[in-house]
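Q: Provided below for reference: sequence and predicted model.
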Amino acid sequence: MRALTYHGKHDVRVDSVPDPEIVNPRDAIIEITATAICGSDLHLYDGVIPGVMNGDILGHEFMGRVVETGRDSTLKKDQRVVVPFTISCGKCFHCMKQQYSACDNSNPAEKQDLTEPLYGEALSGLFGYSHLTGGYPGGQAEYVRVPFSDVGPIVIPDGPSDEEVLFLSDILPTGWMAAENCDIEEGDTVAVWGCGPVGLFAVQSALLMGAHQVIAIDHYPNRLDLARKLGAKVIDYRRTHVLEALREMTGGIGPDAVIDAVGMESHGMAPDNVVDTVKQKVGIGADRGHVLREAIMAVRKGGRISMPGVYGGFLDKFPTGAFMEKGLQWRTGQTHVQKYSHDLLRRIQEGDIDTTFLISHRLPLEEAPRGYENFHSRQDEWTKVVLTP
Amino acid sequence: MRHSRTRAGVALPDILLAASAGLLVYTAYSRIKERRSLPGHPDSAPGRTSRQSRYGDYAVSGRSVTINRPRSELYTFWRDFENLAQVMDNVDSVVPDGEASLWTIRGPGGASYRIRTEIVADRENEEIAWRSVDGSDIDTEGKVMFRDAPADRGTEVEAIVAYVPPAGAAGQLIAKLFQREPRVQGRREMKRFKMLMETGEVATARNRSSD
């Protein structure tokens, strides 16, 4: 089959690789009909996530048609399914608590050695996202092997198009969980850093959850426009003092909740970010945390921080003092996708949530490297790339 | 390009290096001093988490996992040692040998060890303990204990293995480098045991059975 594979920093190629087959009883093989490049794939593309090997198949947002099932799969041949990017067994302590992205059993035992010393606990399995999270081949390919296929994939009934439901795989539930982690109450202001796909879905979700106002922060005019169309107020950080503006736009209180939808590769020339960038380039420090620091400074006393943005290592100059003295709460994590799949599918079917506004480019899988390059370097126009094999 | 130098002409990296080396020596010294001055009362932690990891010639390691299955099921699986090859990567086979079991185990660098074990304690659904007997390549003993976990969390399983490394501490280090050391193996084996019991399979990222 053809698949998008990693060959080093800023070098991805479409190669011919062997087709996957059923390995474990609960597996299914999916023929991919649509897959997307995720903002977090750009962290892989930039080479800032360790444990990616040459030849690894990338891609964790995908859907398709069931072509083969293992003995214990509950899927049926020809069903159309969207597959969550998180691999979850559905049986362990964490899965039973619906903390699917904390599954104990999805990362192969020998791969867990990598993250247990790094994080204190081993990470769970993810598709196409380095050997830290299992080294599972991803879905930017013609076919993919899906473990625990009785727990992850959600069957899509006739009706919605692939493009309308594809983002159930990651960015829609991720934006939704980011807003849910804000515990939004009547009258609340939610500030969202980053108008990428997750940030935009967080904007949409926070408004659906009843936020009084949502303020989106970015510097790309087109992306700020998309946020504005969803109903957000916007701040261009190149034009405006963010902290001052947020205080003035909330009657002097500050936002009740803040969302860092940027993560470890924040842009901008703030002094702390320049220092972090240099450290990241030479391989010490790992995370760039300008957005997180700013969000902690901006949020009101007793407020909530929600962090869907991806971080991988350590962060310097974390404002511990502000965090403690203001009495903040902080919630984060990879998305518990399976917890949200059915509710969000229903909202898409009922027309509450539109996902297609995001898609700027549609390419055949063969042109995926061009998709990566442009999604990476022309972020204003290239907001989301959907690939079809 | 000029390197930044202090007034005395010493390169900054040298000072940093010397300072870190000094700090390391000081920390090690303080630790030893602190351990010596500890009062005689042990704490509540299991002995194998002690900073002392060797007991005489024995290296001791252990690992606990909580498995969301009933005690009896886990005990029954473990009691039949032949089952364990399914979750133990470096165990080639376990076959019954009269009252004993004969284990064939892979060591570092393609070495193969044969161990005959006999069961020295067996309490149904609670504990199984074993010990190597004459004719074994490695002197080892171990036990596994099964306890109800709190609330509805299933069973806490605790396995402890002690062994005399075939070539002493150096051999243990080499085994570690080859990931054939009981502490490394034990961690993986307990995780695979949990996977198999909870999900019915052992997770793998292989895309094909032949990979």
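A: In hand now; what should we look at? Numbering: from 1, shown residues only, chains lettered A, B, ... in the order given.

Q: And what about B:Ala129, helix, strand or coil?
A: strand (DSSP: H, G, I helix; E, B strand; the rest coil).

Q: who touches it in this structure?
A: Contacts here follow CB atoms under 8 Å, 6 or more residues apart in numbering or on different chains; on that basis B:Ala129 touches B:119-122, B:141-144. Glycine gets a C-beta too; all of them are placed from N, C-alpha and C.

Q: Determine which two of these are furthest apart.
A: B:Asp122 and B:Glu141 (14.1 Å; CB to CB).

Q: and the two? which has more neighbours close in?
A: B:Glu141 (16 against 12; other CB atoms under 10 Å in any protein chain shown).

Q: Identify the residue spatially nearest to the more buried one, adjacent ones excluded.
A: B:Arg131 (4.2 Å; CB to CB, 6 or more residues apart in numbering or on different chains).

Q: Surely A:Val151 touches A:Cys92?
A: No - look at A:Val151 against A:Cys92 with CB atoms under 8 Å: they stay out of range, at 10.8 Å.

Q: quick one, which of these two is more surrounded?
A: Neighbour count, other CB under 10 Å: between A:Val151 and A:Cys92, A:Cys92 has more, with 25 against 21.

Q: Disregarding residues adjacent in the polypeptide, which is nearest to that one?
A: Spatially, and ignoring its direct neighbours in sequence, A:Cys92 is nearest to A:Asp104 (4.2 Å; CB to CB, 6+ apart).

Q: quick one, what contacts the one you found?
A: Under the criterion of CB under 8 Å, 6+ apart, the neighbours of A:Asp104 are A:89, A:92-94, A:124, B:191, B:194-195, B:198.

Q: Among the residues you listed, which lie within strands?
A: Of the positions in these, not one sits in strands, assigned by DSSP state E.

Q: can I get these in CSV with pLDDT and distance to B:Phe77?
A: Converted to CSV, the contacts of A:Asp104 look like this (pLDDT from 0 to 100; distance: CB to CB, whole Å):
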residue, pLDDT, distance to B:Phe77
A:Cys89, 98, 18
A:Cys92, 97, 17
A:Phe93, 97, 19
A:His94, 97, 22
A:Ser124, 97, 24
B:Lys191, 96, 15
B:Lys194, 98, 11
B:Met195, 98, 13
B:Glu198, 98, 12
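
Q: What is the nearest of these to B:Asp152?
A: A:Phe93 (9.4 Å).

Q: is it true that that closest one touches B:Ala151?
A: No - using CB under 8 Å, A:Phe93 makes no contact with B:Ala151, being 10.2 Å away.

Q: Do stretch B:76-88 and chain A come into contact?
A: No - Stretch B:76-88 is not in contact with chain A by CB under 8 Å from any CB of the partner chain; minimum separation 8.6 Å.

Q: Name the residues of that stretch that are buried.
A: By 16 or more other CB atoms under 10 Å in any protein chain shown, the buried positions in stretch B:76-88 come out as B:77-78, B:81, B:84-85, B:87-88.

Q: Which of the helices or strands spans B:Val25?
A: Using DSSP states H and E, B:Val25 sits in helix B:12-36.

Q: for stretch A:48-67, the distance to its chain's centre please.
A: Chain-centre distance of stretch A:48-67: 14 Å, with CA atoms, centre = their mean, to the nearest Å.

Q: Pull the number of nearby residues for A:Ala322.
A: By the other CB under 10 Å criterion, the neighbourhood of A:Ala322 contains 15 residues.

Q: now do A:Lys233
A: Using other CB under 10 Å, A:Lys233 is surrounded by 15 other residues.

Q: Pull up the gap between it and A:Leu358, please.
A: Using CB to CB, to the nearest Å, A:Lys233 is found at 19 Å from A:Leu358.

Q: now do A:Ile305
A: According to CB to CB, A:Ile305 stands 25 Å off from A:Leu358.

Q: And what about A:Asp15, helix, strand or coil?
A: strand.

Q: How much space separates B:Glu189 from A:Leu123?
A: 19 Å.

Q: how about the helices of chain B, start to end?
A: Ranges of helices in chain B, per DSSP state H, are B:12-36, B:71-79, B:168-177, B:182-199.

Q: try chain A
A: Under DSSP H, chain A gives helices at A:39-45, A:93-96, A:109-119, A:162-165, A:171-180, A:197-208, A:221-230, A:242-248, A:271-282, A:290-298, A:320-325, A:337-349, A:368-377.

Q: Using PDB, write out the CA atom coordinates for the longest one.
A: Listed next in PDB are the C-alpha coordinates belonging to helix A:337-349 (Å, rounded to 0.1, in the frame of the first residue of the first chain):
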ATOM      1  CA  VAL A 337     -12.100  10.700  22.600                       C
ATOM      2  CA  GLN A 338     -14.300   7.700  23.100                       C
ATOM      3  CA  LYS A 339     -16.100   9.600  25.900                       C
ATOM      4  CA  TYR A 340     -17.300  12.200  23.500                       C
ATOM      5  CA  SER A 341     -17.800  10.400  20.200                       C
ATOM      6  CA  HIS A 342     -21.500   9.700  20.300                       C
ATOM      7  CA  ASP A 343     -22.600  13.000  21.800                       C
ATOM      8  CA  LEU A 344     -20.600  14.900  19.200                       C
ATOM      9  CA  LEU A 345     -21.800  12.800  16.300                       C
ATOM     10  CA  ARG A 346     -25.400  13.600  17.400                       C
ATOM     11  CA  ARG A 347     -24.600  17.300  17.500                       C
ATOM     12  CA  ILE A 348     -23.100  17.100  14.000                       C
ATOM     13  CA  GLN A 349     -26.200  15.300  12.700                       C
END
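
Q: Determine how far that helix lies from the middle of the whole chain.
A: 16 Å.

Q: Run through the residues that contact the residue nearest in space to the middle of chain A.
A: Centre of chain A computed as the mean C-alpha position; nearest residue by CA atoms, centre = their mean is A:Ile171, 5.0 Å away. If you count contacts by CB under 8 Å, 6+ apart, A:Ile171 has them with A:36, A:38-39, A:61, A:197-198, A:201.

Q: Could you rerun that using 10 Å?
A: A:36, A:38-40, A:61, A:85, A:196-202, A:261, A:308, A:335, A:355, A:358, A:384 (CB atoms under 10 Å, 6 or more residues apart in numbering or on different chains).

Q: where does it sit relative to A:Glu265, distance-wise?
A: A:Ile171 is 17 Å from A:Glu265, by CB to CB.

Q: do A:Leu358 as well
A: 20 Å.

Q: go on, A:Ile37?
A: Distance from A:Ile37 to A:Glu265, by CB to CB: 15 Å.

Q: quick one: which of these two has more around it?
A: Each of A:Ile37 and A:Glu265 has its neighbours counted (other CB under 10 Å); A:Ile37 has more, 28 against 21.

Q: Quick check: that one touching A:Val386?
A: Yes - using CB atoms under 10 Å, A:Ile37 is in contact with A:Val386, at 8.4 Å.

Q: Overlap of the contact sets of these two?
A: Contacts common to A:Ile37 and A:Val386, judged by CB under 10 Å, 6+ apart, are A:61, A:361, A:363, A:371.

Q: Let me see the contact set for the first one.
A: A:Glu61 makes contacts with A:34-38, A:40-41, A:82-85, A:127-128, A:138-140, A:166-172, A:197, A:384, A:386-387, as judged by CB under 10 Å, 6+ apart.

Q: likewise A:Leu387?
A: Going by CB under 10 Å, 6+ apart, A:Leu387 touches A:4, A:14, A:32, A:34-37, A:59, A:61-62, A:139-141, A:361-368, A:371.

Q: Could you rerun that using 8 Å?
A: Taking CB under 8 Å, 6+ apart as the criterion, A:Leu387 is in contact with A:4, A:34-37, A:140, A:362-365, A:367-368, A:371.
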